[in-house]
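> For reference, the sequence and a predicted model appear below.
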Amino acid sequence: MGSAEFYLVAAVLLTAFSVYKFVSVMMANNVNKDVLAWASGKEPKKSKSGLINSSRPLVHQLTLQHAVRIKSPAYRSNIRRLLETAGMSAQLNVDEFIGLQILWGIAFPLLIGLLNFALDFGIPNMGVLMLIPLGAYLPVIQAKQERSRRELSVRRDLPFFAYLLALSTKAGLDFISAIQRIVDKAEGSVLGEELGNVLKDIRLGASRADALKSMMGRLDLPEITSFIAVLVDADRNGASLSQVLKDQSNQIRLERLVRAEKAGARASQAILLPILIFILPAVFIVVFGPVIIQFSSGKI
């Protein structure tokens, strides 16, 4: 069977399957209502990704019932951790994330295969099949990109926020009021949002230490872990929070300066190879090129 015949048969089968699924969904009752419902019993937040928002109805109608059959505790724990650190746990639950992997693992290769058939790109069948794991990994890539963005934002804001906390507590505010003051002024900040979640946890009955530890788990950054560990220890031992916050602010600034110096040193080392390969030969050509040309022509 040639490539054209293969894609023709595949297109017919997929069309038949699509018609079957559409009719079954339209005529289905609410037997799987509990399976298709959001885990918390309420609507999730709208995702920042338009692709996720547009894929969610297809996930609920086509792949979510298959996603719930994947019971691996380790796999589900890893996804839950990824969603938590990426700040997407309010946008997607574990079942929806797995459903996205199934959907994109099928839809992405199918789209490439149909384009390959229609426009004759010349991609072999095996190449199209190899796109299946890539499509399934796309949600993971997006979650990791979002996690990297959050980490960068937190590292940028942490020294300033720690300094503001130190100033507020030194001015007479208690720790909770100081956090509330920062949250009111820090709209759009990842760290400000997480501090707001700390306040919500405390209002719901969690202790200050437990609320801070929950934030530590959601961000999973060494700087946050060290900062919160010192705060929890100072709170437990009755130490002055204003002095602890001031010391931590200075320490965080020093660590950021050290990271910047290390990044600069790595950049200077990394640029040596491009200089040797591209810049120096160009300089030699500009400087010695005319001399070589005159020498070869016998003018010297």
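In hand now; what should we look at?
> what residues are up against R208?
175-176, 202, 235 (Cβ atoms under 8 Å, 6 or more residues apart in numbering). Glycine gets a C-beta too; all of them are placed from N, C-alpha and C.
> The same query, at a cut-off of 10 Å, please.
175-176, 179, 198, 201-202, 231-232, 235 (Cβ atoms under 10 Å, 6 or more residues apart in numbering).
> can you redo the residues you listed as TSV with distance to A74, neighbour count and pLDDT?
TSV is the format used below for those (distance: Cβ to Cβ, whole Å; neighbours: other Cβ atoms under 10 Å; pLDDT from 0 to 100):
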residue	distance to A74	neighbour count	pLDDT
F175	37	18	85
I176	37	14	89
I179	35	25	91
V198	29	22	93
D201	27	18	92
I202	32	16	92
L231	32	22	87
V232	29	17	87
D235	34	16	79
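> Just the closest of the residues you listed to R56, please.
Taking Cβ to Cβ as the measure, R56 sits nearest to D201 out of these, at 27.5 Å.
> Which strand or helix spans that closest one?
Assigned by DSSP states H and E, D201 belongs to helix 190-203.
> Show me what that helix is packed up against.
helix 131-170, helix 175-185, helix 208-219, helix 222-237 (3 or more Cβ pairs under 10 Å, 6 or more residues apart in numbering; DSSP states H and E).
> Quick check: buried residues in it?
Buried residues in helix 190-203, defined by neighbour count with 16 or more other Cβ atoms under 10 Å: 190-192, 194-198, 201-202.
> Go through the helices and strands packed on helix 190-203 and name the closest to A90.
Nearest of the helices and strands packed on helix 190-203 (Cβ to Cβ): helix 208-219, 11.0 Å.
> That closest one to helix 131-170, inter-axis angle?
Computed by axes from the mean of the first three to the mean of the last three Cα atoms, to 10 degrees, the angle separating helix 208-219 from helix 131-170 equals 150 degrees.
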